[in-house]
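**Student:** Here is my input; please provide its structure:
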Amino acid sequence: MAIKITVKGFDTATQEIQAAIKAGVRNGLAIAGARGTALVMETIRSPFLGRPPAVSTGNLANSIQYQISQEAGISRATIFAGAPADIYAGYVESGTGPHFPPPSALLLWVKKKFSPSTEKQALSIAFAVARKISKRGTSGFGMFARAFAKLESELGGIFRAAIAKAIEAAGVGPAGAGKAK
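**Tutor:** Predicted coordinates for the structure are as follows:
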């Protein structure tokens, strides 16, 4: 998912204003990345459509992070699941078709969710859950999509404020007019 932000008049602005705008965009990306990360974590930890939160061990929520990159004049903040949840976060986001997961991969979740008294009982529950997944698949939780929907409405304000603050800090905008350099 991507959002394009255009600054009108950038090409005709002075070099000082252009530099301040670029600094404001970088700051805005950091703010947006941090806010998006917080929203995804909040979404993971909240119930959805009558289902409990998508958190058992905390690995998924605690793995959410962002990275800022720049390529060919395009700056981007990417929000993603890092290790160890990077292996399964996509399946939690979108769901899966019917498949038979290895019961051992479900053991930690089974132990947290059902508190079995023995390892044998935990493995038995994990096998039953795997068998159910093999018939139905899993439904998606949509934590990234739902968080992005919230973040999208905030992005304009985040970038306007970050750019205005950078212009003011550079002393080259309307608030800085008359300030000595």
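
**Student:** My read is that residue 42 contacts residue 147, right?
**Tutor:** Yes: the criterion here is C-beta atoms under 8 Å, and residue 42 meets it with residue 147 at 7.4 Å. Any C-beta I mention is one placed from the backbone N, CA and C, and that applies to glycine too.

**Student:** These two: who's more crowded?
**Tutor:** residue 147 (22 against 16; other C-beta atoms under 10 Å).

**Student:** For residue 131, see how far away that one is.
**Tutor:** Separation of residue 147 from residue 131 (C-beta to C-beta, to the nearest Å): 32 Å.

**Student:** again, but for residue 84
**Tutor:** Residue 84 is 25 Å from residue 131, where distance means C-beta to C-beta.

**Student:** Mind jotting down where the helices sit in the chain?
**Tutor:** For the chain, the helices defined by DSSP state H occupy 15-44, 59-62, 89-94, 103-114, 119-136, 143-170.

**Student:** Of these, which is nearest residue 53?
**Tutor:** Closest approach to residue 53 among the helices of the chain is made by helix 15-44 (6.5 Å; C-beta to C-beta).

**Student:** pLDDT averaged over that closest one - what is it?
**Tutor:** Averaged across helix 15-44, pLDDT comes to 96.

**Student:** how far is it from where the chain is centred?
**Tutor:** Relative to the chain's own centre, helix 15-44 is displaced by 13 Å; criterion: C-alpha atoms, centre = their mean, to the nearest Å.

**Student:** angle of that helix against helix 143-170?
**Tutor:** 150 degrees (axes from the mean of the first three to the mean of the last three C-alpha atoms, to 10 degrees).

**Student:** Mind giving me the packing neighbours of helix 15-44?
**Tutor:** Where contact means 3 or more C-beta pairs under 8 Å, 6 or more residues apart in numbering; DSSP states H and E, helix 15-44 is packed against helix 59-62, strand 64-71, strand 74-81, helix 143-170.

**Student:** Let me see the mean pLDDT of the first one.
**Tutor:** For helix 59-62, the per-residue pLDDT values average out at 95.

**Student:** Can you list phi and psi of residue 49 for me?
**Tutor:** For residue 49, the backbone dihedrals are phi 50, psi 50 (criterion: degrees, to the nearest 10).

**Student:** Excluding chain neighbours, what is closest to residue 88?
**Tutor:** Spatially, and ignoring its direct neighbours in sequence, residue 88 is nearest to residue 60 (7.7 Å; C-beta to C-beta, 6 or more residues apart in numbering).

**Student:** hang on, that neighbour packs against residue 81?
**Tutor:** Yes: using C-beta under 8 Å, residue 60 is in contact with residue 81, at 6.6 Å.
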